[in-house]
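Asks: Below are the sequence and a predicted model; questions follow.
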Amino acid sequence: MSAVNTGDKIVCKIDGALVHSVELHIKQNHSVDWTMERYRAEFPNEPILSELAKAKLRERQAARATETAAGDVAKIFGKRPFHEVFGLGATKAAMNSRGEPIMISVQEEHDAGAEIYMAPIDPNYVFPIDIIKTILLALEHKMSFYLWGYHGTGKTTAIEQTCARTRRPFVRVQHTINTEEAHIVGQYVVRDGATHFQLGPLPEAMLNGYVYCADEYDFAMPSVLSVYQPVLEGKPLIIKEAPPEMRVIHPHPNFRFAATGNTNGGGDETGLYQGTQMQNAANYSRFAVTEEVPYMDKKIEVAVISSQAKIMTEDAETFVKFATEVRDSFARGVIGATISPRELIASAKIGVLRGSDWKTGIRQGFIARLSRVDKETVGEYAKRLWA
Ligand SMILES: Nc1ncnc2c1ncn2[C@@H]1O[C@H](COP(=O)(O)OP(=O)(O)O)[C@@H](O)[C@H]1O
Ligand SMILES: [Mg+2]
């Protein structure tokens, strides 16, 4: 009988009122001393939503998901030629196999909150066309992707600058051995004397339709990376600790998932990446696209160094010659370290500040941190090139 009388309502344990939503009831009828956290702590086994309220909530979520799926995407994206968006000129490499422009999506409207996630365009960025095409393909077709390779080869920047040009908001999260699930999905925080659940960067990106970049993916513990598994499968994210209305996060149709790392997930094969974890193959197999990002093509690397450090092409060429010798020696096992474009840019910048003293540049930007033995070998290369 009583079940009929209550109309499926539940009881507020503070005053015994029959309600559909305890949270709503508390807000309207009790003092600010009563928060949901306190209610949950004092009455851990009591329901918070009636069955009817739960059904309504689910309905609303489903309606919102179909609304965005149907309308938003077409409305806020425009199609523009790839070579124009990236300022490449009508070069053949930027066209399709029939020599026609490739049309890509550019986001034209943004919510107010998206502004802080818009990466600025780097005017000195040189677009490595192949990797950019791979990123664009994945973004266009809603595929998750993982880029891996040596440090400083431009993985993160490639994703960031692709987002900057296509005006997609970009959320980057760096991973380390100390990264915890709470840093990704969110946690309870105290604000104005009350605790609130603050959503983390992943649900934020999922709800708002941003590009999420899990940077240095292989530095995180495999147990932490398992939070990404359902998301990589296109499923909702479930935040177990969150209050009911934040617990199930459905991906917005514009949400995209990217990651970068130094290894392919199978542990470090080079001895360079101490701290990377041996990963779970099942996690990595869920990326739709995986690509190894090799060192840049020599010509591109020369262009990158001369544009980033503002030096002459001939001087940049010498840096790349030096890098080629270092990398070859590393590959042959002669030395135990290798050099990245990032280090070359830094060395060139020091050289500029030293009045074109490239030898000091390369010493302070790279050689000085090598082992005693490597320092000698590599020092010889530098002496030869910058005599
Ligand atoms: N194509 C490029 N054009 C200009 N600068 C680049 C390019 N790729 C990388 N850089 C620069 O090289 C540095 C290293 O790039 P980054 O994306 O951080 O490497 P990774 O993520 O592979 O470690 C950054 O300072 C970046 O600005
Ligand atoms: Mg990076």
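Replies: Structure's in. What do you need? Ligands and ions are numbered 1, 2, ... in the order given.

Asks: Near ligand 1, which residues of the stretch 251-387 of the chain are found?
Replies: Neighbours of ligand 1 within the stretch 251-387 of the chain, by CB under 6 Å from any ligand atom: 260, 304, 308, 341-342, 345. For the C-beta atoms, the positions are set from N, CA and C on the backbone; glycine is no exception.

Asks: Filter those residues down to the ones in helices?
Replies: 304, 308, 341-342, 345 (DSSP state H).

Asks: Count the neighbours of the nearest residue to residue 308 once chain neighbours are set aside for me.
Replies: Counting by CB to CB, 6 or more residues apart in numbering, residue 308 lies nearest to residue 345, which is 4.6 Å off, once chain neighbours are set aside. Residues within reach of residue 345, counting by other CB atoms under 10 Å, total 23.

Asks: I'd like the distance between residue 345 and residue 366.
Replies: 11 Å (CB to CB, to the nearest Å).

Asks: so which two of the residues of the stretch 251-387 of the chain next to ligand 1 are the farthest from each other?
Replies: 260 and 308 (19.4 Å; CB to CB).

Asks: Can you name the helix or strand that residue 60 falls in?
Replies: helix 51-70 (DSSP states H and E).

Asks: actually residue 156, sorry about that
Replies: Per DSSP H and E: helix 155-166 holds residue 156.

Asks: quick one: contacts of that helix?
Replies: 85-86, 104-107, 118-122, 125, 127-128, 131-132, 135-136, 139, 147-149, 169-170, 172, 211, 213, 215, 258, 260, 293 (CB atoms under 8 Å, 6 or more residues apart in numbering).

Asks: Mind checking which of those land in helices?
Replies: Using DSSP H, these in helices are 85, 131-132, 135-136, 139.

Asks: out of those, who's nearest residue 287?
Replies: residue 135 (12.9 Å).

Asks: What count of nearby residues applies to the closest residue to the closest one other than its chain neighbours?
Replies: Using CB to CB, 6+ apart and skipping the chain neighbours, the partner closest in space to residue 135 is residue 162 (4.7 Å). Using other CB under 10 Å, residue 162 has 27 other residues around it.

Asks: Quick check: residue 162 vs residue 105, distance?
Replies: Distance of residue 162 to residue 105, computed by CB to CB: 11 Å.

Asks: which residues are in contact with both of these two?
Replies: With CB under 8 Å, 6+ apart as the test, residue 162 and residue 105 both reach residue 139.

Asks: could you pull out the strands for the stretch 151-300 of the chain?
Replies: 170-174, 186-191, 194-199, 211-215, 237-238, 248-249, 256-261, 289-292 (DSSP state E, counting those that start in this stretch).

Asks: Would you point to the one among these that's packed deepest?
Replies: Among those, ranked by average contacts under mean count of other CB atoms under 10 Å, first place goes to strand 256-261 (a mean of 26).

Asks: now that one and strand 170-174, what's the angle there?
Replies: In terms of direction (axes from the mean of the first three to the mean of the last three CA atoms, to 10 degrees), strand 256-261 departs from strand 170-174 by 30 degrees.

Asks: Listing partners with orientation, what would you give for strand 256-261?
Replies: strand 145-148 (parallel), strand 211-215 (parallel) (DSSP bridges).

Asks: Return the distance of the last one from the chain's centre.
Replies: Think strand 211-215. 1 Å (CA atoms, centre = their mean, to the nearest Å).

Asks: pLDDT at the residue nearest to residue 135, what is it?
Replies: Looking at residue 162, its pLDDT stands at 98.

Asks: And residue 8, by the same measure?
Replies: The model's pLDDT for residue 8 equals 83.

Asks: From ligand 1, how far off is it?
Replies: Residue 8 is 54 Å from ligand 1, where distance means CB to the nearest ligand atom, to the nearest Å.

Asks: So which of the ones in helices among the residues of the stretch 251-387 of the chain next to ligand 1 is the closest to residue 283?
Replies: residue 342 (27.3 Å).

Asks: Tell me how many other residues crowd the closest one.
Replies: Residue 342: 16 neighbours (other CB under 10 Å).

Asks: Likewise for residue 351?
Replies: Neighbour tally, residue 351, other CB under 10 Å: 24.

Asks: about what we covered before: identify the farthest-apart pair in the ones in helices among the contacts of helix 155-166.
Replies: 85 and 131 (15.7 Å).

Asks: can you tell me which residues contact the closest residue to residue 118 other than its chain neighbours?
Replies: Leaving aside its chain neighbours, residue 118 sits nearest to residue 169 (5.9 Å; criterion: CB to CB, 6+ apart). Going by CB under 8 Å, 6+ apart, residue 169 touches 107, 110, 114, 117-118, 163, 205, 208-211.

Asks: go on, residue 313?
Replies: Contacts of residue 313 by CB under 8 Å, 6+ apart are 302, 306.

Asks: With residue 23 instead?
Replies: 36, 48, 243, 245.

Asks: which phi and psi does the second one have?
Replies: It refers to residue 48. phi -110, psi -30 (degrees, to the nearest 10).

Asks: how near is it to ligand 1?
Replies: Taking CB to the nearest ligand atom, one finds residue 48 at 44 Å from ligand 1.

Asks: pretty sure that residue contacts residue 36?
Replies: Yes - with contacts defined as CB atoms under 8 Å, residue 48 counts as touching residue 36 at a distance of 7.5 Å.
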